[in-house]
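1. Build me a model from this:
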Amino acid sequence: MDEHALLRTLTKVVNTLADRRVEFAVAGGCAVYARGGPPSDHDVDVFVHEGDVHRAQRALGEVGMRPADPPEDWLLKAYDEDVLVDLVFRPNHRTDMAALLDRAETMRIGPARAPVISATDLMVDKLLVLDAHRCDFTPLLHIARDLREQVHWDEVATETAESPYAQAFLMLIESLSVTEVRA
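-> Modelled structure (predicted):
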């Protein structure tokens with residue numbers, strides 16, 4: 001997917017949600033990019049409160065995006081032509097969205113300025129996705145290297161302690177001297 005199309009959609013999403021006063025934070029690959037990591041080529045992920053997710057989806061529909069209801073029970077979707085937007089209200093079954101959004105900081109992402117989840121929350125989210133079917137550390141190694149000074153690694157270790165896949169990744173990056181994890 002074209003990086004420019006993704007940034008155009010991201011700009012449309014953040015401007016629309018800000019205009020409608022929907023509290024949100026950019027997450028996923030666009031958050032990695034905003035924090036100095038590699039550009040995203042997949043989709044636009046936005047975290048919103050569960051009580052705001054339908055209003056957010058309607059708002060995106062009002063600016064020409066096509067709403068979609070996926071089978072998953074933790075997000076809604078919208079499409080801006082071919083660009084997918086995920087409106088996530090329960091990322092990896094983490095329930096304290098208010099705290100996640102409070103920790104976000106406003107940053108520039110291409111032409112837009114928007115709240116972006118913290119690097120620590122970003123790494124927790126990326127690591128909690130790992131399982132027996134999705135266990136490719138390669139993209140995560142690049143992200144960990146690019147964001148290492150922004151991440152509170154001990155918090156990441158604590159938040160992901162129940163995931164053997166996350167723990168294996170944290171052991172790997174410590175062995176590679178990417179960071180030190182003490183938890």
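2. what stretches of the protein score poorly on pLDDT?
-> The chain contains residues with pLDDT under 70 at 1, 180-183.
3. quick one, phi psi at Val46?
-> Per-residue torsions, Val46: phi -130, psi 130 (degrees, to the nearest 10).
4. can you tell me which residues contact the closest residue in space to it that isn't next to it in sequence?
-> The shortest distance from Val46 to any non-neighbouring residue, by C-beta to C-beta, 6 or more residues apart in numbering, is to Phe24 (5.1 Å). Where you see a C-beta, it was placed from the backbone N, CA and C, and this is true even at glycine. Contact analysis of Phe24 by C-beta atoms under 8 Å, 6 or more residues apart in numbering lists 14, 17, 46-48, 52, 56, 101, 114-115.
5. ok, those vs Leu141, which is closest?
-> Of all the contacts of Phe24, the one with the least separation from Leu141 (C-beta to C-beta) is Phe47, at 24.0 Å.
6. doesn't Gly28 make contact with the closest one?
-> No - with contact defined as C-beta atoms under 8 Å, Phe47 does not reach Gly28; the gap is 9.1 Å.
7. If you count surrounding residues, which of the two has more?
-> Legend: neighbour count by other C-beta atoms under 10 Å for Phe47 and Gly28, higher for Phe47 (29 against 21).
8. which parts of the helix of greatest length in the chain are buried?
-> For the chain, the longest helix by residue count, based on DSSP state H, is helix 3-19. With burial defined by 16 or more other C-beta atoms under 10 Å, the residues of helix 3-19 counted as buried are 6-14, 16-17.
9. for that helix, packing partners?
-> In terms of contacts (3 or more C-beta pairs under 8 Å, 6 or more residues apart in numbering; DSSP states H and E), helix 3-19 is packed against strand 24-27, strand 44-48, helix 53-62, strand 75-80, strand 83-88, strand 105-109, strand 112-116.
10. how about the CA coordinates for it, as PDB?
-> Output of helix 3-19 as PDB, limited to C-alpha atoms (Å, rounded to 0.1, in the frame of the first residue of the first chain):
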ATOM      1  CA  GLU A   3       2.500   5.400   2.300                       C
ATOM      2  CA  HIS A   4       1.000   8.600   1.000                       C
ATOM      3  CA  ALA A   5      -2.500   7.100   0.800                       C
ATOM      4  CA  LEU A   6      -2.100   5.800   4.400                       C
ATOM      5  CA  LEU A   7      -1.100   9.300   5.600                       C
ATOM      6  CA  ARG A   8      -4.000  10.900   3.700                       C
ATOM      7  CA  THR A   9      -6.400   8.500   5.400                       C
ATOM      8  CA  LEU A  10      -4.800   9.000   8.800                       C
ATOM      9  CA  THR A  11      -5.100  12.800   8.400                       C
ATOM     10  CA  LYS A  12      -8.800  12.500   7.500                       C
ATOM     11  CA  VAL A  13      -9.400  10.200  10.500                       C
ATOM     12  CA  VAL A  14      -7.600  12.400  13.100                       C
ATOM     13  CA  ASN A  15      -9.200  15.600  11.800                       C
ATOM     14  CA  THR A  16     -12.700  14.000  11.700                       C
ATOM     15  CA  LEU A  17     -12.400  12.500  15.200                       C
ATOM     16  CA  ALA A  18     -10.900  15.700  16.600                       C
ATOM     17  CA  ASP A  19     -13.700  17.800  15.000                       C
END
